[in-house]
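> Mind looking at a prediction? Sequence and model below.
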Amino acid sequence: MKNKDNLNKVINIMRIFSFVLLVVGGVGLLASAYPILKSEFGFEIKQRIEAANNTDVVITRAPDKTTFGTILVIPPALGVEPINTTNSIIITKIDVNSPIVWDVDVMNNIAYNNALKTGVAHATDTAYPSDRAGNTYLFAHSTLNPLDIERYAAEFTLLHRLEINDKITIYYEGKRYDYLVISKEVVNKFNTEPLTRTPDFPMLTLQTCDPPGVPLNRLIITAKLAAVY
């Protein structure tokens, strides 16, 4: 009888221990997913408010041939105050407003993780914003552990929300470059083609991990220069 009581105690302790593990695991899972859930929920609320207010969105389509005789003078309003007007990326639709860290080695984990603490990273050996043909390649995390997250470390959490013709603005060396999204794709993390493309037009490439927070694949947003101010 005593042995049976001891066995029941052991079983009860194991059940309690299992329950505690489940609770701790559930809390940990929710904590790691919090940045994504917060961003997604905020985006949905913003979209519904804009729809309720009948916000008018004017879309400027990218020209088939990107050539500029002169630089335009008066840019359309962005709807937000840029963090700076000399070196930044602004994507109003998904609340990206970040400095850019130029010339970051994509093969150096320490270098690009440090860069992503202070801004969106530009891949070394890719083009700078210009009205000339070339591939300007920017990348950032989509999310991180909330205990380690920095202000700019997860700027691209909502990158998957971008659609064709959405606007991306880059400020660089005193000029504003407006790009329009022309494609969105998910590629294997070992696929280097998006990084090494040599387009015949001024192109902007944005990269983050897919699904958000999981470096299984990479989400690639491609945009074409529409205007320079």
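Received it, and whenever you're ready, just let me know what you need. Quick caveat: nothing in here was measured; it's all calculated off a predicted structure. Numbering: from 1, shown residues only.
> in the longest strand seen in the chain, what's buried?
Determined from DSSP state E, the single longest strand within the chain is strand 175-188. Neighbour-count burial for strand 175-188 flags K175, R176, Y177, D178, Y179, L180, V181, I182, K184 (criterion: 16 or more other C-beta atoms under 10 Å). Glycine gets a C-beta too; all of them are placed from N, C-alpha and C.
> do stretch 128-140 as well
For stretch 128-140, a neighbour-count test (16+ other C-beta under 10 Å) marks P129, D131, G134, N135, T136, Y137, L138, F139, A140 as buried.
> Quick one: residues in contact with the longest strand of the chain.
Strand 175-188 is contacted by residues 59-62, 71, 75, 85, 129, 160, 162-171, 193-194, 202, 204, 210, 217-229 when judged by C-beta atoms under 8 Å, 6 or more residues apart in numbering.
> I'd like the distance between S130 and N113.
Using C-beta to C-beta, to the nearest Å, S130 is found at 28 Å from N113.
> Show me the helices in the protein, by range?
2-52, 109-115, 193-196 (DSSP state H).
> could I have stretch 217-226 exported to PDB, CA atoms only?
Only the C-alpha atoms of stretch 217-226 are listed here, as PDB (Å, rounded to 0.1, in the frame of the first residue of the first chain):
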ATOM      1  CA  ASN A 217      14.000  31.500 -46.600                       C
ATOM      2  CA  ARG A 218      14.400  35.100 -47.700                       C
ATOM      3  CA  LEU A 219      11.700  37.500 -48.700                       C
ATOM      4  CA  ILE A 220      12.800  39.700 -51.600                       C
ATOM      5  CA  ILE A 221      11.100  43.000 -52.600                       C
ATOM      6  CA  THR A 222      12.200  44.500 -55.900                       C
ATOM      7  CA  ALA A 223      11.400  48.100 -56.700                       C
ATOM      8  CA  LYS A 224      12.100  50.400 -59.700                       C
ATOM      9  CA  LEU A 225      13.100  54.100 -59.500                       C
ATOM     10  CA  ALA A 226      10.100  56.300 -60.300                       C
END
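> For that stretch, what does the pLDDT average out to?
Across stretch 217-226, pLDDT averages out at 96.
> And stretch 109-124, by the same measure?
89.
> Make 53 the first number, not 1, from now on.
In the new numbering, first residue 53, that becomes stretch 161-176.
> May I see the buried residues of it?
Residues of stretch 161-176 classed as buried under the neighbour-count rule (16+ other C-beta under 10 Å) are A163, Y164, N165, A167, L168, G171, V172, A173, H174, A175.
> how near is G265 to A278?
For G265 relative to A278 (C-beta to C-beta), the value is 31 Å.
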